[in-house]
Structure formats: structure tokens, C-alpha cells
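Novice: quick one, structure for this:
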Amino acid sequence: MNIVVLAVLSATCAAEQTGAEPLNINYCDVVASPAHYNGKMLSVEVVLSRSFHSLFLYGAGCVPRGDYDVTTEALLPTSWESLPNGKRLRAILKHGRNAKVTVVGTFEGGEKRYGLDGQRFRFSISQINSVSPNSRDSPSDHSK
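Specialist: Next up is the predicted model:
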């Protein structure tokens, strides 16, 4: 009996740990089916860019434009500059350039708009796993 209980507990703990792992996904798939990913922790490769009021992100294959609203407010964690890749990200953004990043965070895609720029989605970043200058810098404000 003890062995059965231990096996069930072990499987339950393993399932809980697996549930904590972010889903590694293409960001364009996320914005194509926002209800499916709402509230989920995701790992995505995106471009981070500054707008007039805030920071936003987009997938390289699904850039926001007037007739394609996939604008996403990006929220950085408190003390993000002290994270391992935070200083590098700060340096890129400070010079008005876009950054190509791999980040982990929680996606929000409800009925309301987010941030001062009224973006359609929100992505709350908890980890910055990689940072490099975006080799194909786009105009600094896709949200308009």
C-alpha cells in the first residue's frame, strides 16, 4: 500500500513541476489564438521596442501594422537591470534600437486594452534569457 501511495505522490509532484515549465512557442502563434494562451507562462523569441509611452514586443513574423493589431505591451520585472541580461538590454534600448530577446513571461489577451498606448495584449516578463541587437531594426513605433 505504501508503495502505491508513494507512486501516486511521485507522479503528482512530477506533473506539478512540469506544469511550471513555460511553453516554448512562436509568438505569432500566440497572437493568432490569444484565448488559448491567456494567462499562460510562455517562452518566446521576440523583438522588444520602445514606444512613446511604454515598451512593446512583437514576433519577427507578425509585425503590428494598421490593419493587423497584434500590439503587445511588454512589462519588465522590478529590478530588471540587475538580471543577467538586463544591462545589455538597457544599453540597446537606451540607444533607441530594438532588441531581439528570448524571454519567459505571462501572456494576457482579454477583451480590454493595456497600457498608455492601448495595446491589444500584455506580456509580463519574468526572465530575460538572451539579448542581442535586432539585426533588422524596424521603425521604433509599430503601435501607431
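Novice: check contacts around L93.
Specialist: Shown in contact with L93 (CB atoms under 8 Å, 6 or more residues apart in numbering): L48, R50, L55, A99. Glycine gets a C-beta too; all of them are placed from N, C-alpha and C.
Novice: where does it land in three-state SS?
Specialist: When states are read from DSSP: H, G, I helix; E, B strand; the rest coil, the local structure at L93 comes out as helix.
Novice: that older thread, list only buried entries from the contacts of L93.
Specialist: When burial is judged by neighbour count using 16 or more other CB atoms under 10 Å, the buried members of these are L48, R50, L55, A99.
Novice: what's the pLDDT at the residue lying closest to the third one once chain neighbours are set aside?
Specialist: Looking back up the chat, that one is L55. The shortest distance from L55 to any residue other than its chain neighbours is 4.5 Å, reached at A74 (CB to CB, 6 or more residues apart in numbering). In this model, A74 is scored at 97, pLDDT.
Novice: show me which of the contacts of L93 is closest to K112.
Specialist: Distance to K112, by CB to CB, is smallest for L55 among the contacts of L93, at 18.6 Å.
Novice: show the secondary-structure elements that the strand ranked longest in the chain is packed against.
Specialist: Longest strand of the chain, by residue count under DSSP state E: strand 121-133. Counting by 3 or more CB pairs under 8 Å, 6 or more residues apart in numbering; DSSP states H and E, the packing neighbours recorded for strand 121-133 are strand 41-50, strand 72-75, helix 86-94, strand 99-108.
Novice: where are the low-confidence patches of this protein?
Specialist: Applying pLDDT under 70 to the chain flags residues 1-19, 136-144.
Novice: again, 50 this time
Specialist: Within the chain, the set of residues satisfying pLDDT under 50 comprises 1-18, 138-144.
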